[in-house]
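> Fold the following.
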Amino acid sequence: MGRDFYGEVREEVIKRGEPLVPEFIKNNSEIKNSTLPNGNSVLEPVVVTGWVNKLRRNVIDKKEYVEAEIETQKSAARNELETIKQYWSQNVFADKKELDSQVVTAGVFALGAWCFGSVLSCKNNWGFQSLWNSDQAGVLKRTPTAFSRILTSLPVRMTLPWIAAGVTFSKLAPNTWNNALQTLKRDVLPKDVVEQSSALYDDLIERGFKVHAKSLNQSAHENLQATICSIRETIAENIK
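Residues are numbered from 1 along each chain as shown. All right, here's what the predicted structure looks like:
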């Protein structure tokens, strides 16, 4: 390559062994030429350097924004978790004595009751899938009873495990259970649903089942007393 490519080169530059810079770079404002202390020549495209610096600054800004957003979400999640813990502690697990000594036991027994309800309402445990139910069994064919059909119906299979678990927990930890129900009615369920369910409970349980059960118990008690009295009178007459 001829010397014209580098333009006029001074003799002292050649003697010092400095790198030669092409002529078109010397007067080009878009390319910056720098000489390092070790004598190496570095060509820096100003436009490319500016673009890289801008890209680097954008990447750093995005990284800082993402990190700040993550920290904000972590803080919000911690605050939300703490709020939930305080809410449950103040509204549901308000009975400290019951919480320390009964809630865990009640939860374990409630889980057992749920499993018991699931097993009790499972069709396989009542022989519905047994070979003895097929026509090939002949005279040995078994027909599921009406009670087993009711107990394994879809509504019973969906509700019986939860009812068993709820009744068990309510008996072992009554205060916590009542607090949970009150919180559910007050803060979760719509007001009209709570009013309708309360009215239905009063009609079916309070003024229905309990009244009839009390009446039946009273009638049985009176009949038992009358029967005992009649037996005593008969024994007394026979002794005479």
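
> Please count neighbours and contacts with C-alpha atoms only from this point.
Fine.

> same for the helix or strand hosting residue 163, what does it pack against?
When elements are assigned from DSSP states H and E, residue 163 belongs to helix 154-172. For helix 154-172, the packing partners by 3 or more Cα pairs under 8 Å, 6 or more residues apart in numbering; DSSP states H and E come out as helix 103-120, helix 174-183.

> and residue 219, how many neighbours?
Applying other Cα atoms under 10 Å, we find 12 residues neighbouring residue 219.

> ranges for the strands of the chain?
31-35, 41-45 (DSSP state E).

> Run me through the strand neighbours of the last one, direction for each.
Paired strands of strand 41-45, with direction, are strand 31-35 (antiparallel) (DSSP bridges).

> average pLDDT across the strand it pairs with?
Confidence over strand 31-35 (mean pLDDT, whole number) is 72.

> Might you list the low-confidence residue ranges for this structure?
The chain contains residues with pLDDT under 70 at 1-29, 39, 127-144, 201-210, 240.

> Domains in it, by residue range?
3-47, 96-192 (automatic domain parsing).

> tell me how far the last one is from the chain's mean position?
In other words, domain 96-192. 21 Å (Cα atoms, centre = their mean, to the nearest Å).

> returning to that earlier point: distance to residue 82 and mean neighbour count added to the strands of the chain, as JSON lines?
Shown next, in JSON lines, are those (distance: least, Cα to Cα, whole Å; neighbours: other Cα atoms under 10 Å):
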{"stretch": "strand 31-35", "distance to residue 82": "58", "mean neighbour count": "14"}
{"stretch": "strand 41-45", "distance to residue 82": "55", "mean neighbour count": "14"}
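
> Which of those sits closest to residue 99?
Closest to residue 99 of these, according to Cα to Cα: strand 41-45, at 72.0 Å.

> Run through the helices of this structure in chain order.
Ranges of helices in the chain, per DSSP state H, are 11-16, 23-26, 46-91, 96-101, 103-120, 146-151, 154-172, 174-183, 191-201, 210-239.

> coming back round to it: quick check: which of the helices and strands packed on helix 154-172 is buried the most?
helix 103-120 (a mean of 18; mean count of other Cα atoms under 10 Å).

> Taking helix 174-183 as reference, get the angle to that one.
70 degrees (axes from the mean of the first three to the mean of the last three Cα atoms, to 10 degrees).

> what sits up against helix 103-120?
125, 151, 157, 160-166, 168-169, 172-173, 176 (Cα atoms under 8 Å, 6 or more residues apart in numbering).

> where does residue 94 fall, phi/psi-wise?
Phi and psi for residue 94, reported as degrees, to the nearest 10, are phi -80, psi -30.

> For it, give me its contacts.
Going by Cα under 8 Å, 6+ apart, residue 94 touches 176, 179.

> picking that back up, distance to residue 229 for the helices and strands packed on helix 154-172 - can I get that in a markdown table?
Supplementary listing: these in a markdown table, determined by distance: least, Cα to Cα, whole Å:
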| stretch | distance to residue 229 |
| --- | --- |
| helix 103-120 | 43 |
| helix 174-183 | 42 |
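
> roughly how far apart are residue 35 and residue 43?
9 Å (Cα to Cα, to the nearest Å).

> can you check residue 66 too?
Residue 66 is 35 Å from residue 43, by Cα to Cα.

> Need the strands of the chain in TSV (columns: distance to residue 193).
Shown next, in TSV, are those (distance: least, Cα to Cα, whole Å):
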stretch	distance to residue 193
strand 31-35	77
strand 41-45	73
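
> closest to residue 57 out of these?
strand 41-45 (18.1 Å).

> Quick one: residues in contact with the closest one.
19, 30, 31, 32, 33, 34, 35, 36.

> Can you tell me how far the second one is from residue 50?
In this view, residue 30 and residue 50 are 11 Å apart by Cα to Cα.

> Having no further points to raise, I will conclude here.
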